[in-house]
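Participant: could you work out the structure for the sequence below:
(one chain, ligands or ions: 1)
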Amino acid sequence: MSDELPGFTFLTAGKVRDLYAPEGHDDLLLLVANDRVSAFDQVLSRPIPGRAALLTRLTRWWFAQLADVPNHLADADVAVPEAVADRAMLVRRLRMHPVECVVRGYVTGSGYAEYRRTGSISGLPLPEGLQDGDRLPEPIFTPAYKAELGAHDENIPFETVVDLVGAETAEALRSTSLRIFAEASAIADAKGVILADTKFEFGDDAEGGLVLADEVLTPDSSRFWDAAAYASGRRGVGFDKQIVRDWLAAHWDGEGAAPDLPDEVVQRTADRYRELVELLTA
Ligand SMILES: CCOC(=O)Cn1cc(-c2ncnc(N)c2C#N)cn1
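Facilitator: Numbers count the residues shown, from 1 in each chain. This next block holds a predicted model:
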């Protein structure tokens, strides 16, 4: 991806997205997604064609479904270059809170690992005997501190969120995250998709209002599972990187750079992203 976008100043590059500032609009940012995919903490060498456009479409769709939640999409008279238009979002520049607002309806991944070590996640005690992929009695807010690029986020207790952003904002982050998760889970469930967990990011706008930022409820920020597979005992059948993860697990020892994905894996993964987006947005 060239860093050059006419009329925009390149700010920074993440794993799967780049940030630009529209010249002459200090109150706006441009988020440009790319087709790269990361797995096992590595950005893989082969992009997944169409991925960025699909996930941008999905985020926009979720913002529309969550109409009662202020979000950072900007309605401004700024021309987004055609070359990136389908995978870019012009957004209001916010004062971001340094908290990954993770909500879990199921216990898996790093949350399950923490649970096995401590019997809790982010300081929240959980019932004994939970297995990987179990549904939790109710969704839980398990915040993490936003790690530097490339490092793992560190789960933190709610009290630390209070120390970071103040009690009022901490409570608003928790209540808003849980409310959005409940709404999104119900929407996904009606389409045969389990929303196992997700991560939201919020910022404050110039008036001090809490605004939903970043991407939302995409396979990059969330785990989406096939509900029918889960019901038949096949847990954690993902809609996105499962194909990539399974192929890498069978063809790579995890040392050094990951091998190039074969064409068939790239194509099946692209198809799977499209399948999820079309299933959810139908
Ligand atoms: C390299 C890519 O990094 C990111 O996209 C993460 N990020 C988002 C912001 C942000 N900053 C102010 N206002 C916003 N609306 C946002 C958003 N979204 C900063 N980094």
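Participant: need the residues of this protein near the ligand, please.
Facilitator: Taking C-beta under 6 Å from any ligand atom as the criterion, the chain approaches the ligand at residues 12-14, 17-19, 29, 31, 72, 91-94, 96, 203, 213-214. Just so you know, the C-beta spots here come from the backbone N, C-alpha and C atoms, and that holds for glycine as well.
Participant: could you rerun that using 5 Å?
Facilitator: By the rule C-beta under 5 Å from any ligand atom, the part of the chain lying against the ligand is 12, 14, 17, 19, 72, 91, 93-94, 96, 213-214.
Participant: pipe those into JSON lines and attach neighbour count per row.
Facilitator: Converted to JSON lines, these look like this (neighbours: other C-beta atoms under 10 Å):
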{"residue": "12", "neighbour count": "10"}
{"residue": "14", "neighbour count": "15"}
{"residue": "17", "neighbour count": "22"}
{"residue": "19", "neighbour count": "16"}
{"residue": "72", "neighbour count": "24"}
{"residue": "91", "neighbour count": "20"}
{"residue": "93", "neighbour count": "18"}
{"residue": "94", "neighbour count": "21"}
{"residue": "96", "neighbour count": "15"}
{"residue": "213", "neighbour count": "23"}
{"residue": "214", "neighbour count": "23"}
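Participant: kindly reformat those residues as CSV containing secondary structure and distance to residue 111.
Facilitator: Formatted as CSV, those follow (DSSP: H, G, I helix; E, B strand; the rest coil; distance: C-beta to C-beta, whole Å):
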residue, secondary structure, distance to residue 111
12, strand, 28
14, coil, 23
17, strand, 24
19, strand, 28
72, coil, 27
91, strand, 28
93, coil, 31
94, coil, 27
96, strand, 23
213, strand, 22
214, coil, 20
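Participant: redo those residues as a markdown table? Include pLDDT.
Facilitator: What follows is these, written out as a markdown table (pLDDT from 0 to 100):
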| residue | pLDDT |
| --- | --- |
| 12 | 94 |
| 14 | 87 |
| 17 | 92 |
| 19 | 96 |
| 72 | 98 |
| 91 | 98 |
| 93 | 98 |
| 94 | 98 |
| 96 | 97 |
| 213 | 98 |
| 214 | 96 |
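Participant: and the residue of the chain found nearest the ligand, backbone torsions?
Facilitator: In the chain, the residue that lies nearest the ligand is residue 14 (3.1 Å; C-beta to the nearest ligand atom). Note on residue 14: backbone dihedrals following degrees, to the nearest 10 are phi -100, psi -170.
Participant: from now on call the first residue 586
Facilitator: Sure, I'll start numbering at 586, so the last one becomes residue 599.
Participant: list the contacts of residue 601.
Facilitator: Neighbour list for residue 601: 618-619, 621-623, 628, 637, 805 [criterion: C-beta atoms under 8 Å, 6 or more residues apart in numbering].
Participant: oh, I was asking about residue 726
Facilitator: Residues counted as contacts of residue 726 (C-beta under 8 Å, 6+ apart) are 686-688, 707, 709, 743, 758-759, 762-763.
Participant: who's in contact with the nearest residue to it once chain neighbours are set aside?
Facilitator: Excluding the flanking residues, the one nearest residue 726 by C-beta to C-beta, 6 or more residues apart in numbering is residue 759, at 4.6 Å. Going by C-beta under 8 Å, 6+ apart, residue 759 touches 686, 726, 728, 743, 746.
Participant: what bridges to the second one?
Facilitator: When bridges are taken as DSSP bridges, the partners of residue 726 come out as residue 688.
Participant: what about this structure, any weak spots by pLDDT?
Facilitator: 586-588, 734-735 (pLDDT under 70).
Participant: how does it look with 90?
Facilitator: 586-589, 599-601, 622-628, 630, 661-662, 695, 731-739, 805, 819-828, 830-831 (pLDDT under 90).
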